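>>> task: produce atomic coordinates for the following.
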Amino acid sequence: MAELRPDQRAFFREHGYLMIEDAVDAALLARLQRDFATWVEESRAHEAAWGDTVDGRPRFDLEPGHSSATPGLRRVNAPVEVSAAYLAATVESRMADCVAELIGPDVKLHHTKINSKLPGGHTEVKWHQDFAFTPHSNDDVISALLMVDEVTEENGPLQVAAGSHRGPIHSLWHGGVFTGAVADEVGEACAASAITCVGPAGTACLMHTRLLHGSAANRSAKPRTLHISVYSAEDAVAISPNPVPSRYEGRLVRGQRSGRVRSIDYELALPQLPTGASFFDQQARHGEQGAAGP
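Reported below is the predicted structural model:
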């Protein structure tokens with residue numbers, strides 16, 4: 001039975017995103033929340049990023065100002081490797097079924113991560129397109145952002161520039177530095193017409209890889225935690241190393257393997273892999289370098 005109506009599929013094609021409520025069931029959502037709460041408590045004992053991933057970078061990333069009294073756990077890399085609940089949300093949920101209806105039927109996993117903005121945090125995400133971080137041979141790639149907490153207007157919600165997935169691929173390089181953000185004037189234009197994506201916990205925003213998006217800092221007393229699963233069509237092949245590799249990279253989530261590669265025509269400057277636990281440090285350079293052009 002189809003999960004999406006024809007009008008929902010048409011909305012995604014036109015606007016580049018789609019909001020899906022009840023993307024995971026209530027029991028699984030509670031497990032996701034418990035696991036993340038456990039990691040936040042664990043972070044109180046750390047002063048710097050910790051844990052190991054398959055490429056040697058830390059699994060758990062802390063924002064500047066983190067302390068035991070005011071924890072600032074902002075990123076968990078490849079949570080599917082350390083949590084059965086997060087793996088289930090990525091590969092067994094209604095969320096994955098909906099993704100398959102948009103870019104399938106054959107779909108594989110590229111990477112997963114958690115981006116969180118705890119109360120009192122200052123991290124913001126500058127405007128960018130995911131495709132410039134994770135280019136593939138074609139752009140049938142979706143970032144599924146599952147709201148582990150309720151997302152409100154005040155706690156740093158995702159903002160999107162509807163329809164921008166049909167426009168150019170913008171450079172994330174400025175003044176010879178990979179900043180992970182588009183030029184200031186592009187970001188300002190996006191902000192002027194941005195659509196804010198809010199919803200109850202368990203809602204997922206399915207976002208086309210070329211859609212321009214960003215988010216402000218959390219200015220509330222409520223956390224905003226997103227579990228992000230990046231999926232691609234089975235015949236889309238990554239052309240740059242995975243910035244968040246895991247042992248589940250390339251896992252077939254729906255359908256079957258074709259043994260084929262499908263390509264589209266585009267050009268972009270290849271991304272620079274993060275050397276730390278996340279891309280937040282790369283984006284911090286944007287304010288330092290300005291937007292002098294690629």
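
>>> correct me if wrong: Val80 contacts Thr112.
Yes: if you go by C-beta atoms under 8 Å, Val80 and Thr112 touch, sitting 4.9 Å apart. C-beta: built from backbone N, CA, C; applies to glycine.

>>> what sits in contact with each of these two?
Tyr86, Thr90, Ser246, Tyr248 (C-beta atoms under 8 Å, 6 or more residues apart in numbering).

>>> quick one, what contacts the last one?
Tyr248 sits next to Ala78, Val80, Glu81, Leu87, Leu109, Thr112 when contact means C-beta under 8 Å, 6+ apart.

>>> which ones are touching the most centrally placed residue in the chain?
The centroid of the chain falls nearest to Ile228 when counting by C-alpha atoms, centre = their mean (4.5 Å). Neighbouring residues of Ile228 by C-beta under 8 Å, 6+ apart: Thr112, Lys113, Ile114, Asn115, Ser143, Ala144, Leu145, Leu146.

>>> gap between the host helix or strand of the last one and the chain center?
Looking back up the chat, that one is Leu146. Using DSSP states H and E, Leu146 maps to strand 141-147. On the basis of C-alpha atoms, centre = their mean, to the nearest Å, strand 141-147 sits 6 Å off its chain's mean C-alpha point.

>>> name the strands paired with it and say parallel or antiparallel.
Using DSSP bridges, strand 141-147 pairs in its sheet with strand 204-208 (antiparallel), strand 224-233 (antiparallel).

>>> and whichever helix or strand comes after the first one, average pLDDT?
Using DSSP H and E, the helix or strand that directly follows strand 204-208 along the chain is strand 213-215. Regarding strand 213-215, the rounded mean pLDDT is 97.

>>> for stretch 262-279, same thing?
87.

>>> and if you look at stretch 139-158?
For stretch 139-158, the mean confidence score works out to 97.

>>> what comes up buried for it?
139-152, 155-158 (16 or more other C-beta atoms under 10 Å).

>>> and the residue nearest to Ile20 when sequence neighbours are not counted, how far is that from Ala49?
Spatial nearest neighbour of Ile20, excluding adjacent residues (C-beta to C-beta, 6 or more residues apart in numbering): Ala204 at 4.8 Å. Separation of Ala204 from Ala49 (C-beta to C-beta, to the nearest Å) stands at 27 Å.

>>> out of those two, which sits in the more crowded spot?
Taking other C-beta atoms under 10 Å, Ala204 and Ala49 do not tie; Ala204 has more neighbours (28 against 20).

>>> secondary structure element for Asp61?
Per DSSP H and E: strand 60-62 holds Asp61.

>>> state the mean pLDDT of the helix or strand just after that strand.
Counting by DSSP H and E, the next helix or strand C-terminal to strand 60-62 is strand 73-77. Strand 73-77 comes out with an average pLDDT of 96.

>>> chain neighbours aside, what residue packs nearest to Thr8?
For the record, residue 8 is Gln, not Thr. Residue nearest to Gln8 in three dimensions, not counting chain neighbours: Leu18, with 5.9 Å by C-beta to C-beta, 6+ apart.

>>> any idea how far Ile142 is from Pro223?
Applying C-beta to C-beta to Pro223 and Ile142 gives a distance of 25 Å.

>>> kindly report the same for His66.
Counting by C-beta to C-beta, the gap from His66 to Ile142 is 31 Å.

>>> then Ile228?
Relative to Ile142, and taking C-beta to C-beta, Ile228 is found at 11 Å.

>>> repeat for Ser215
Ser215 is 18 Å from Ile142, by C-beta to C-beta.

>>> so who does Asp139 touch?
Neighbours of Asp139 in contact, by C-beta under 8 Å, 6+ apart: Phe131, His165, His208, Thr209, Arg210, Ala236, Ile264, Tyr266.

>>> now do the second one against Glu267, distance only.
As judged by C-beta to C-beta, His165 and Glu267 stand 17 Å apart.

>>> which of those two has more residues huddled nearby?
Between His165 and Glu267, counting by other C-beta under 10 Å, His165 is the more crowded of the two (24 against 6).

>>> ok, the more buried one - contacts?
By C-beta under 8 Å, 6+ apart, the contact list for His165 reads Gly16, Asp139, His208, Thr209, Arg210, Leu211, Leu212.

>>> right, I'll leave it there.
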